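**Q** pasted the sequence and its predicted model underneath.
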Amino acid sequence: ALITLRQLLDHAAENDYGVPAFNINNMEQGLAIMKAAEKANAPVIMQASRGARAYAGDVMLAHIIRALAEMYPAIPLCMHQDHGNNEQTCLSAIKHGFTSVMMDGSLEADMKTPADWDYNVDITKKVAQMAHWVGASVEGELGVLGSLETGEAAEEDGSGASGKLSEDQLLTDPDEAAEFVKLTQVDALAIACGTSHGAYKFSKKPTGETLAIKRIEEIHAKIPNVHLVMHGSSSVPQYLQDLINEYGGEMPQTYGVPVEEIERGIKSGVRKVNIDTDNRMAITGTWRKIAKDMPKEFDPRKFMIPAMEAMEEVCLDRFERFGTAGNA
Ligand code: G3H
Ligand code: 13P
Ligand code: NA
Ligand code: ZN
């Protein structure tokens with residue numbers, strides 16, 4: 001059944017678990033998530049970026065989601081707009097059946113330029129008012145995602161701020177977080193703690209200097225009842241880097257967010273954990289292997305089925321490690 005983000009995260013907070021929010025662009029990713037959720041008996045957050053909506057088309061995406069809800073009636077399913085850039089994006093998502101939207105006012109509508117406080121408060125508050133009228137939930141973001149190592153957002157997929165960011169921008173301030181939630185009435189708050197989108201988050205295993213889980217603990221101490229969201233939370237596991245590189249890929253060595261650091265965040269109020277890159281790597285790494293191992297193969301299903309299984313394995317692992325399993 002379709003549920004809102006607020007319903008799901010309230011349950012997660014009461015029962016001390018986190019929920020992975022997996023990005024979806026197509027039927028195969030949707031099936032992989034739901035199969036893992038069924039095995040784990042876990043509630044689901046599926047999220048679509050603006051890019052995903054353009055890729056599949058709003059009507060197609062809306063029907064895929066409804067089909068998945070119908071195929072898995074026992075799994076609570078929240079359908080969320082990832083990184084909405086303005087009111088129009090959020091409203092059209094709701095119109096197409098999304099039960100939750102992110103109004104990302106940490107950046108201006110170009111999704112490149114860090115926004116100021118007033119812009120972020122005004123647009124997020126406006127979206128929250130509109131969404132709440134129709135029963136949809138809203139996630140806001142305070143702070144800009146980017147690397148504490150370099151002061152820059154990871155740029156390889158273009159999703160995030162451009163240019164140099166100050167440490168002030170890269171780490172959400174606890175007092176400002178409290179004020180922001182009070183003014184906007186968001187249901188969940190995405191915070192910045194040194195993570196960034198894409199595969200190239202850290203040049204070595206992150207430390208307390210480059211991945212500030214401590215900052216999450218400070219925010220949680222200030223606003224214990226607010227559901228926190230961690231973006232850029234792929235772990236970029238070594239086995240997937242190796243799979244890709246063993247079969248013709250050329251990904252430079254990189255480090256993601258270790259799952260044990262996310263587990264620490266979940267102990268401090270993190271309830272939604274955004275993951276896209278790990279699933280992308282599981283899918284395309286598997287494709288590369290099949291293309292190499294079975295050069296005569298041209299039936300796309302022979303590529304898609306193992307790719308879905310590889311993604312399902314990633315999803316199942318996160319449901320188990322985040323404590324989502326058993327809560328559907
Ligand atoms: O925000 C980043 C997500 O990984 C979605 O990426 O905009 O390329 O679909 P995308
Ligand atoms: P990753 O690139 O780390 O998977 O993050 C995804 C994300 O934050 C989507 O909003
Ligand atoms: Na989001
Ligand atoms: Zn994100």
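**A** It's in. Ligands and ions are numbered 1, 2, ... in the order given.
**Q** show the contacting residues for the spatially most central residue of the chain.
**A** Nearest to the mean C-alpha position of the chain, counting by Cα atoms, centre = their mean, stands Asn274 at 2.0 Å. Going by Cβ atoms under 8 Å, 6 or more residues apart in numbering, Asn274 touches 20-21, 23, 47, 82, 229-233. Quick note: C-beta positions are derived from backbone N, CA and C, even for glycine.
**Q** hang on, it in a helix?
**A** No - using DSSP: H, G, I helix; E, B strand; the rest coil, the secondary structure at Asn274 is strand, not a helix.
**Q** bridging residues for it?
**A** Using DSSP bridges, the beta-bridge partners of Asn274 come out as Ala21.
**Q** burial measure for the residue in the stretch 151-300 of the chain positioned nearest to ligand 4, as a count.
**A** Going by Cβ to the ion, ligand 4 is nearest to His231 of the stretch 151-300 of the chain, at 3.4 Å. Other residues within reach of His231 by the criterion other Cβ atoms under 10 Å amount to 29.
**Q** isn't it up against Leu189?
**A** No - if you go by Cβ atoms under 8 Å, His231 and Leu189 don't touch, sitting 11.2 Å apart.
**Q** what is in contact with the two at once?
**A** Going by Cβ under 8 Å, 6+ apart, residues that sit against His231 and also against Leu189 are Glu141.
**Q** spatially nearest residue to Thr99 (excluding sequence neighbours)?
**A** Once flanking residues are discounted, Thr99 sits nearest to Thr4: 4.6 Å by Cβ to Cβ, 6 or more residues apart in numbering.
**Q** ok, now which ones touch the residue in the stretch 151-300 of the chain that ligand 1 sits nearest to?
**A** Nearest to ligand 1 in the stretch 151-300 of the chain, going by Cβ to the nearest ligand atom, is Asp276, at a distance of 3.4 Å. Neighbour list for Asp276: 22-23, 197, 234 [criterion: Cβ under 8 Å, 6+ apart].
**Q** of the residues you listed, closest to Pro300?
**A** Using Cβ to Cβ, Asn23 comes nearest to Pro300 of these, at 21.0 Å.
**Q** spatially nearest residue to the closest one, not counting backbone neighbours?
**A** Using Cβ to Cβ, 6+ apart, the closest residue to Asn23 is Asp276 (3.8 Å).
**Q** could you do Ser162 as well?
**A** That would be Lys112: by Cβ to Cβ, 6+ apart, it lies 4.7 Å from Ser162.
**Q** ok, now Lys267?
**A** Closest to Lys267 by Cβ to Cβ, 6+ apart is Asp16, at 7.9 Å.
**Q** the one you found against Phe322, yeah?
**A** No - counting by Cβ under 8 Å, Phe322 is not a contact partner of Asp16; they are 10.6 Å apart.
**Q** settle it for me: which of these two has more neighbours?
**A** Phe322 (26 against 10).
**Q** need the per-residue pLDDT for that one.
**A** Here, the pLDDT recorded for Phe322 equals 99.
**Q** next one: the closest residue to Val144 other than its chain neighbours, what pLDDT does it get?
**A** The shortest distance from Val144 to any non-neighbouring residue, by Cβ to Cβ, 6+ apart, is to Gln169 (4.6 Å). We have a pLDDT of 94 for Gln169.
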